[in-house]
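# show me the folded form of this:
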Amino acid sequence: MPIARFSPFELLLLKSRSQVDTATLLLLGWVLVHRQHVSEGQRRRRLAQVSAQFRHGHELGPIMSIAHSQDLHAIQLAAEVVRKECSRERSLSVMHQAITVATDDGELSLANHYILRFLADLLNVVPATLNTLFQELTGKPLRAPEDPSRDAYWQVHDPAYYAHKAEQEAQAAERAQAAQAQAEQQQRAKADKQHARAQRQQQKQQRKEEARQARQRAEQAQEHARAEQQRQEQARAEQARREHARRQQEQARAEQARRERYQRATNPPPPPDRTTRALAVLGLTPGASKTEVRKAYRRMAQLHHPDRFYSESEHQVALASARFQRIKNAYDYLMQTY
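Presented below is the predicted three-dimensional model:
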């Protein structure tokens, strides 16, 4: 199990007879170390004088060492102890003592100006109460602290430093201007070099592009010539194929005509069979399909149906009925045999 390590101030609190008094001593010591033009001996004598009635029971040296170390954790812990263990009157008493040791010589240092406001915030003392306490103890109002980050502060408190600072700023501005001019010159020289290098690169790239385009044009011309030669060869081959096919067709037709003449000479045509006669009734030639038979039947039936001749003589109606019956018989026969 790790051993707990205590800070120097926490050890003082553990040894103290009165933790509130020890915490108050640290807060007052923090104010004293920020007094200007005061020796360490004077600080310790003033702290001993203020704490004559305290019951802490330990020396003041460790307290002053912690105050000099600017240990804000210890200072915040001290303020917490005072705020937790003391009443509002005791918190006001601590602020009273802090204001007193901060303004013994009539002057309030800039650091103590901020420290008093910080202690008031830690001890829950509102700004209005702090201003009232300061007015009662010093006869002067607690004005807003000066801002050391502003030039106006150093013009008042250290004119020589401000003049030296202004001279340094002017020299720095001159050096910055000279450096800027040199940087601009170097930048221009660099830009000129980059521009020249870019131009050379562009020219080189342009020459490469022109050579590539020339090679591409030559390759395209060769490809075009090869394609044209191939098309001519294909055209000649196609023409030869068509000529060969034409001769074969002519030979086939001549052979077919010869065979037909031979067949007609040797074999007279047989009489037409029933299928041929049925197709002839429907106005069709041999080889007609079943679909063509249906279409022909519908067309012939519409043209020769007996109902179309109801206004004619009985002889005309009988002829129409005979034609329609012949058409229907031919259709029925073809549907059965196909």
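# please count neighbours and contacts with C-alpha atoms only from this point.
Will do.
# residues in contact with Leu116?
When the contact criterion is C-alpha atoms under 8 Å, 6 or more residues apart in numbering, the partners of Leu116 are Val31, Met95, Ala98, Ile99.
# which one of those residues is nearest to Leu110?
Distance to Leu110 across the contacts of Leu116 (C-alpha to C-alpha) is lowest for Val31, with 11.3 Å.
# helices or strands up against the helix or strand hosting Gln232?
Here Gln232, judged by DSSP states H and E, is contained in helix 159-266. Counting contacts by 3 or more C-alpha pairs under 8 Å, 6 or more residues apart in numbering; DSSP states H and E, helix 159-266 packs against helix 151-157.
# low-scoring pLDDT stretches of the stretch 51-200 of the chain, where are they?
86, 145-163 (pLDDT under 70).
# okay, Val281 and Ser16: tell me how far apart.
When distances are taken as C-alpha to C-alpha, to the nearest Å, Val281 and Ser16 turn out to be 142 Å apart.
# show me which of those two is the more surrounded one.
In this view Val281 and Ser16 are compared by other C-alpha atoms under 10 Å, and Val281 has more residues nearby, 20 against 17.
# that one reaches Ala330, doesn't it?
Yes - with the criterion set as C-alpha atoms under 8 Å, Val281 and Ala330 qualify as a contacting pair; they are 6.8 Å apart.
# about what we covered before: return the member of the contacts of Leu116 nearest to Asp121.
Asp121 lies nearest to Met95 out of those, by C-alpha to C-alpha, at 10.6 Å.
# excluding its backbone neighbours, what's nearest the closest one?
Of all residues beyond its chain neighbours, the one nearest Met95 is Ala120 (7.0 Å), with distances taken as C-alpha to C-alpha, 6 or more residues apart in numbering.
# burial of the one you found, as a residue count?
There are 21 residues near Ala120, going by other C-alpha under 10 Å.
# one more: Leu110?
By the other C-alpha under 10 Å criterion, the neighbourhood of Leu110 contains 15 residues.
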